[in-house]
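1. Pasting the sequence and the predicted model now:
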Amino acid sequence: MDRRQVLSLMGAGASLALPLPAVAQGALEKPKVVLGVGGKSLLYYLPLTIAERQGHFKEFGLDMEINDFAGGARSLQALVGGSVDMVAGAYEHTLRMQARGQDIRATIEMLRFPTIVIAVRKAIADRVKSAADFKGLKVGVTAPGSSTWITVVHAMSKHGLTAADASFIGVGGGASAVAAMKRGEIDLISHLDPVIAKLEADGDVVTLIDTRTEAGTKALFGATNPAACLYLRQDFIEKNPNTTQAAVNGLYKALRWIDKATPAQIADAVPEQYHLGDKALYMRAVQSSKEAYSKTGVMAQDGMNAVFAMLKALDKDMQTVPADVVGKSFEGRFAQRAATIVG
């Protein structure tokens, strides 16, 4: 994809007026960085794992240390607290932080759709048919405040319910989330593959809401919904443009590889424990989610606006926030530059 094609696809046009960073092959201001992520084994963060495992960060001169937290909200806390330099996390966190006066910006989109699935324990599926029936139930999410939590609350809000109408339990990612449902500790789960794929295959749950596809995403949100991204503090971006570019380059190269790879190749590229004991199941989960991975690394404007509208509807603190925070939340120039560097 050439530069003109990327420009035509960019939804955050205002960011293009900013100067491009220095040539990425130049010296990195901070060659060793620490990245936070909440649930690295999830397919939500597959581009991060691929970039790490295939040496894409190192290829661009970056020594990336990855700290895996219990959920996205904790990764954000680590960034604000200064214990990590950047985060692979949900786009909506950038909007929330912009609204609070903290200049945190996404630099590349990894997922166009959230790929979050809300499913009910099979034993109670006969009386829980939609989000209208969630009142009084125990809901497992990766962590309270994370994107899995926000998705459930948004679904409930469409039926006049609020977060206070259910009990939310952090179940983390991977095997711990599967175990929580199998032990009956939760009634509902809002989670991602391969956790959902495992529970579906074992017959433990019935899926109610599925944002792994464009149709399912638009049914819930009304538009695409930028999800996993790389976000950083703006002061870090300004001081370390080459370092920021190197991180984006690595993720962009991973996205291009994922787009061309087969589910089998992807399954072989990740650690075996990511398969949750069933490689074939993992491959089916990959196939179900492939549509969601970004083709350009650039967020669509209508999708960004849809996330902002969702947050305004859910959070009273967001209701008076001006729409210009959307333009500040994504620095599209780095993904554009990565397309010219990586090809």
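-> In hand now; what should we look at? Given the structure is predicted, the values throughout are model-derived calculations rather than measurements. Residues are numbered from 1 along each chain as shown.

2. Surely residue 89 is in a strand?
-> Yes: Residue 89: assigned to a strand according to DSSP: H, G, I helix; E, B strand; the rest coil.

3. Please report how far the residue nearest to residue 33 when sequence neighbours are not counted lies from residue 62.
-> Nearest in space to residue 33, with sequence neighbours left out and distances taken as C-beta to C-beta, 6 or more residues apart in numbering, is residue 85 at 4.3 Å. For every residue, glycine as well, the C-beta is placed using N, CA and C. Distance from residue 85 to residue 62, counting by C-beta to C-beta, to the nearest Å: 11 Å.

4. Find the residues that touch each one of these two.
-> Taking C-beta atoms under 8 Å, 6 or more residues apart in numbering as the contact rule, residue 85 and residue 62 both touch residue 33.

5. Next, the residue nearest to residue 33: phi, psi?
-> Torsion angles at residue 85 (phi, psi; degrees, to the nearest 10) stand at phi -90, psi -30.

6. and it, how many residues sit next to it?
-> Neighbour count of residue 85, defined by other C-beta atoms under 10 Å: 22.

7. so what's it up against?
-> Residue 85 neighbours (C-beta under 8 Å, 6+ apart): 30, 33, 34, 35, 79, 232, 236.

8. The same query, at a cut-off of 7 Å, please.
-> 33, 34, 35, 236 (C-beta atoms under 7 Å, 6 or more residues apart in numbering).

9. Mind putting those into a markdown table with pLDDT and neighbour count?
-> As requested, these are exported to a markdown table (pLDDT from 0 to 100; neighbours: other C-beta atoms under 10 Å):
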| residue | pLDDT | neighbour count |
| --- | --- | --- |
| 33 | 98 | 22 |
| 34 | 98 | 17 |
| 35 | 98 | 26 |
| 236 | 98 | 20 |
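
10. which among these gets closest to residue 101?
-> The closest of the contacts of residue 85 to residue 101 turns out to be residue 236 (C-beta to C-beta; 16.6 Å).

11. Remind me what whichever strand or helix holds that closest one packs against, helices and strands.
-> Secondary structure from DSSP states H and E places residue 236 in helix 234-239. Here helix 234-239 touches strand 104-109, going by 3 or more C-beta pairs under 7 Å, 6 or more residues apart in numbering; DSSP states H and E.

12. What would stretch 250-267 look like as CSV? C-alpha coordinates only.
-> C-alpha atoms of stretch 250-267 as CSV (Å, rounded to 0.1, in the frame of the first residue of the first chain):
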residue,chain,number,x,y,z
GLY,A,250,6.6,-3.6,14.5
LEU,A,251,2.9,-3.8,15.0
TYR,A,252,2.1,-2.8,11.5
LYS,A,253,4.4,-5.5,10.1
ALA,A,254,2.6,-8.0,12.4
LEU,A,255,-0.8,-6.9,11.0
ARG,A,256,0.4,-7.4,7.4
TRP,A,257,1.6,-10.9,8.3
ILE,A,258,-1.7,-11.8,10.1
ASP,A,259,-3.6,-10.7,7.0
LYS,A,260,-1.8,-13.1,4.8
ALA,A,261,-1.2,-16.0,7.3
THR,A,262,-3.4,-19.1,7.7
PRO,A,263,-5.0,-20.0,11.0
ALA,A,264,-2.5,-22.9,11.2
GLN,A,265,0.5,-20.6,10.7
ILE,A,266,-0.8,-18.2,13.4
ALA,A,267,-1.4,-21.1,15.8
